[in-house]
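J.: Below is the structure, and that's it, no one-letter string:
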Ligand code: PEP
Ligand code: MN
């Protein structure tokens, strides 16, 4: 439940609410605004008598949170969450574009791609150093060496980097290199990993599990938020349906659903969402029109030679055109694409 205090509620009145919640082993999320304090009471609130709390001194009203996810819900926090990363504010009303290869393959490949996507108008660089591959015989990524190449690409271009973390034990090391931690679709319900990134307090992009409901996905976000890490963004990357013409089916519906249910920023991944480069631009445009706060797109200078996801990777020239198309779509819905920052 959310307890909204009167504008001039005293410290003692607030403390009494907190004490009541703690008697029932509930967690407290305090939001001390300039006007009034809002106390989020999270946990098993059923034994707490709502009417009684409403009659306590200093209380204006009590709002129950009906959804199973609490801190992630719009009821809990009506205003959009804005996540600062480098010079950009994700969720702040300006579209942010992340681009780069599926995997970091070599120093020259990531540096070349970073420069190409930057010139095309990307704001951030993506690239996996630890890859969750369906087959144990496929390329698994360069590991820490890949992170070093990503850091060099950031030095060169000034672009923040996003890269995947697959194991709790690797969270501290990946935090040293990455500006955003990516949780892959296959790890959306890896609860040990969700706890570990929650404790890190680093920005996290949580991808949707390929067979997960929006509600289950938000429950995973709740795990991260429950550690006090407020910097979580949701990434729609396509789900399994009966359709086989594309690798996954990009669920464009999820974007307005998320916008209604949560305050967290929404990123769209049309590359995994379609699995075919020919369809990436159309779905990227659709996602922006539907209200996404950002895009993450796979780009490779020579997709034919890519060690993973070449068939869904755009060449830099096609990506550059897409960025221009996106500007038109964003303008049509009253949004703008963020200005690219000057190189470091
Ligand atoms: C990726 O971003 O390259 C990736 C592996 O994505 P997903 O977890 O969505 O399959
Ligand atoms: Mn990929």
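T.: It's in. All values reported here derive from a predicted model rather than from experimental measurement. Ligands and ions are numbered 1, 2, ... in the order given.
J.: For residue 289, grab the count of nearby residues.
T.: Residues near residue 289, counting by other Cβ atoms under 10 Å, number 16. For every residue, glycine as well, the C-beta is placed using N, CA and C.
J.: Over to residue 242?
T.: 5.
J.: can you pull the pLDDT of it?
T.: On the pLDDT scale, residue 242 is placed at 98.
J.: Next: residue 344.
T.: 48.
J.: Kindly report the same for residue 84.
T.: So residue 84 comes in at 98 (pLDDT).
J.: Can you tell me what sits against the strand or helix carrying it?
T.: Assigning secondary structure by DSSP states H and E places residue 84 in strand 83-85. Residues outside strand 83-85 that contact it (Cβ atoms under 8 Å, 6 or more residues apart in numbering): 89-91, 96, 124, 160, 179-180, 203, 231-233, 265.
J.: and the protein, which residues reach ligand 2?
T.: 102, 309 (Cβ under 5 Å from the ion).
J.: can you give me the helices for the chain?
T.: 11-23, 50-54, 107-120, 144-157, 171-177, 191-200, 214-225, 254-261, 270-274, 277-289, 316-332 (DSSP state H).
J.: deepest of those, which one?
T.: Greatest average neighbour count among the helices of the chain goes to helix 270-274 (a mean of 27), per mean count of other Cβ atoms under 10 Å.
J.: on contacts alone, who are the packing partners of that helix?
T.: helix 277-289, strand 294-298 (3 or more Cβ pairs under 8 Å, 6 or more residues apart in numbering; DSSP states H and E).
J.: Partner strands of the last one, with direction?
T.: I take that to be strand 294-298. Sheet pairing of strand 294-298 (DSSP bridges) gives strand 94-100 (parallel), strand 266-268 (parallel).
J.: right, quick check: the last one against ligand 1, any contact?
T.: Going back to what we said before, that points to strand 266-268. No. Residues of strand 266-268 are not located near ligand 1 by Cβ under 6 Å from any ligand atom, the shortest gap being 11.0 Å.
J.: Then stretch 134-152?
T.: No. Taking Cβ under 6 Å from any ligand atom as the criterion, stretch 134-152 and ligand 1 are apart, separated by no less than 9.2 Å.
J.: Contacts only, for residue 214.
T.: Taking Cβ under 8 Å, 6+ apart as the test, what residue 214 contacts is 208, 254, 257-258, 261.
J.: Same list, the residues you listed, but as JSON lines with pLDDT and distance to residue 137 please.
T.: What follows is these, written out as JSON lines (pLDDT from 0 to 100; distance: Cβ to Cβ, whole Å):
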{"residue": "208", "pLDDT": "98", "distance to residue 137": "26"}
{"residue": "254", "pLDDT": "98", "distance to residue 137": "33"}
{"residue": "257", "pLDDT": "98", "distance to residue 137": "38"}
{"residue": "258", "pLDDT": "98", "distance to residue 137": "36"}
{"residue": "261", "pLDDT": "98", "distance to residue 137": "40"}
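J.: Out of those, which is nearest to ligand 2?
T.: Using Cβ to the ion, residue 208 comes nearest to ligand 2 of the contacts of residue 214, at 14.3 Å.
J.: Look up how far residue 57 lies from the residue nearest to the closest one when sequence neighbours are not counted.
T.: Distances taken as Cβ to Cβ, 6 or more residues apart in numbering put residue 217 closest to residue 208, at 4.9 Å, once the chain neighbours are dropped. The gap separating residue 217 from residue 57 is 40 Å, by Cβ to Cβ, to the nearest Å.
J.: how about the residues of the protein that lie near ligand 1?
T.: So far as Cβ under 6 Å from any ligand atom goes, the chain lies against ligand 1 at 102, 128, 132, 184-186, 207, 237, 272.
J.: Show me the beta-bridge partners of residue 83.
T.: residue 90.
J.: can you count the residues close to it?
T.: Residues near residue 83, counting by other Cβ under 10 Å: 22.
J.: gap between it and residue 7?
T.: Distance from residue 83 to residue 7, by Cβ to Cβ: 29 Å.
J.: now swap in residue 122 and tell me
T.: On the measure of Cβ to Cβ, residue 122 and residue 7 end up 45 Å apart.
J.: again, but for residue 47
T.: 29 Å.
J.: likewise residue 306?
T.: 58 Å.
J.: Between these two, which has more neighbouring residues?
T.: The neighbour comparison of residue 306 against residue 7 (other Cβ under 10 Å) goes to residue 306, with 20 against 11.
J.: Among the contacts of residue 214, which one sits closest to residue 276?
T.: residue 208 (19.0 Å; Cβ to Cβ).
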